[in-house]
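Chemist: Coordinates only, no sequence provided:
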C-alpha cells in the first residue's frame, strides 16, 4: 500500500487526483492539502503529488524531498534550469521525482507520433488549446512536443521550417520553441487539446489529441505514483513508464 498526499487538492486537477487515489485499491490517501493548508501535512505520505502552480512548485519540491518523500509533479514551467535544480536537490538521495508535462497517455503518444513523423515533412506547427484559467502559455505539453519535433528534425538533417514572414509586430505567428511555432488558445469550454500540423508539398498530416475532462489524466497520475518509488533520481515524462 502506497500512502499518498496531494498538494493542490482543492483545484480541478487536484480534486480529480484525490478521487482517483481514493478509488485505487493499492493506494491510501493520507493528506489533501490546499493552498491555505500547511505543507507539513505530507508527513504520513510515501509519495506526494504536486498539482499546484509554477510559482510555488520548486519551494514545495525542496520541502517534500527534504522530508524524504518521493514526488510526482504535474506542474508546467520545468525548463532546463529547473530540471537541473531538481537533479541537484536529489543528489545523494535514493528518492524519485517524476515530472510529467502531461499525464494523458494519449497526449504522450501524440508527442511520440509527432517526433516519428517530423523528419518526413518540410514544415510543422503546433496549435494548443486550454481552459481560460491556465496561467502559462504555451503549455508544457506543447513546449515538450516542439522540443521533441525539433530534435527529430535536427537528427534527420533538416533545416529551419520555411517561413517568409518579415513583419509580425503583434505576434500573430505565435511563440517559437526550438524553432517550432506554437499557437496557444485559452477559453472556457476547453480542457486540453493539441494539434501537431505537419506539411509537405501537396499534403498535410494532423496529429490531434483532445482531453474532454480531467479524469482522462488520472491513469497517468496513478501510473506515476506507483512507479516513482522504484525510480531513484529524476524521470521526465511518462515515456519511460510506457516503454517509449
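Modeler: Perfect, I can see it now. Since this is a predicted model, take the numbers as computed values, not measurements. Residues are numbered from 1 along each chain as shown.
Chemist: dump the residue contacts of residue 24.
Modeler: Taking Cβ atoms under 8 Å, 6 or more residues apart in numbering, we find residue 24 in contact with residue 222. Every C-beta, even on glycine, is put in place using the N, C-alpha and C of the backbone.
Chemist: no, scratch that, I was asking about residue 85
Modeler: When contacts are counted by Cβ under 8 Å, 6+ apart, residue 85 touches residue 58.
Chemist: where's it, which helix or strand?
Modeler: helix 80-90 (DSSP states H and E).
Chemist: What residues sit buried inside that helix?
Modeler: Applying a neighbour-count criterion of 16 or more other Cβ atoms under 10 Å, one finds 82, 86, 89-90 buried in helix 80-90.
Chemist: now do stretch 68-82
Modeler: Applying 16+ other Cβ under 10 Å to stretch 68-82 flags 69-76, 78, 82 as buried.
Chemist: Next: stretch 113-124.
Modeler: 114-115, 117-118, 121, 123-124.
Chemist: Could I get the buried residues of stretch 68-82 in TSV, plus columns for pLDDT and distance to residue 143?
Modeler: Converted to TSV, these look like this (pLDDT from 0 to 100; distance: Cβ to Cβ, whole Å):
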residue	pLDDT	distance to residue 143
69	98	27
70	98	25
71	98	21
72	98	19
73	97	15
74	94	15
75	91	13
76	83	8
78	88	9
82	95	12
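Chemist: which ones among these are found in strands?
Modeler: Of the buried residues of stretch 68-82, the ones assigned to strands by DSSP state E are 70-73.
Chemist: what sits against residue 161?
Modeler: By Cβ under 8 Å, 6+ apart, the contact list for residue 161 reads 122-125, 179-181.
Chemist: same question, residue 44
Modeler: Residue 44 is in contact with 3, 5, 30-31, counting by Cβ under 8 Å, 6+ apart.
Chemist: Of those residues, just say which sits nearest to residue 239.
Modeler: residue 5 (25.4 Å; Cβ to Cβ).
Chemist: and whichever strand or helix holds that closest one, which strands flank it?
Modeler: Element membership for residue 5 (DSSP H and E) is strand 2-7. Using DSSP bridges, strand 2-7 pairs in its sheet with strand 27-33 (parallel), strand 47-50 (parallel).
Chemist: Of the ones you listed, which is nearest residue 238?
Modeler: Of the strands paired with strand 2-7, nearest to residue 238 by Cβ to Cβ is strand 47-50, at 14.1 Å.
Chemist: helix or strand right after that closest one?
Modeler: helix 57-66.
Chemist: now the angle between strand 2-7 and that following helix, please.
Modeler: Taking axes from the mean of the first three to the mean of the last three Cα atoms, to 10 degrees, one finds helix 57-66 and strand 2-7 inclined to each other by 150 degrees.
Chemist: buried set for stretch 24-44?
Modeler: Those would be 24, 27, 29-33, 39, 41-42, for stretch 24-44 by 16+ other Cβ under 10 Å.
Chemist: what's the span of it, first residue to last?
Modeler: By Cα to Cα, to the nearest Å, the extent of stretch 24-44 from end to end equals 18 Å.
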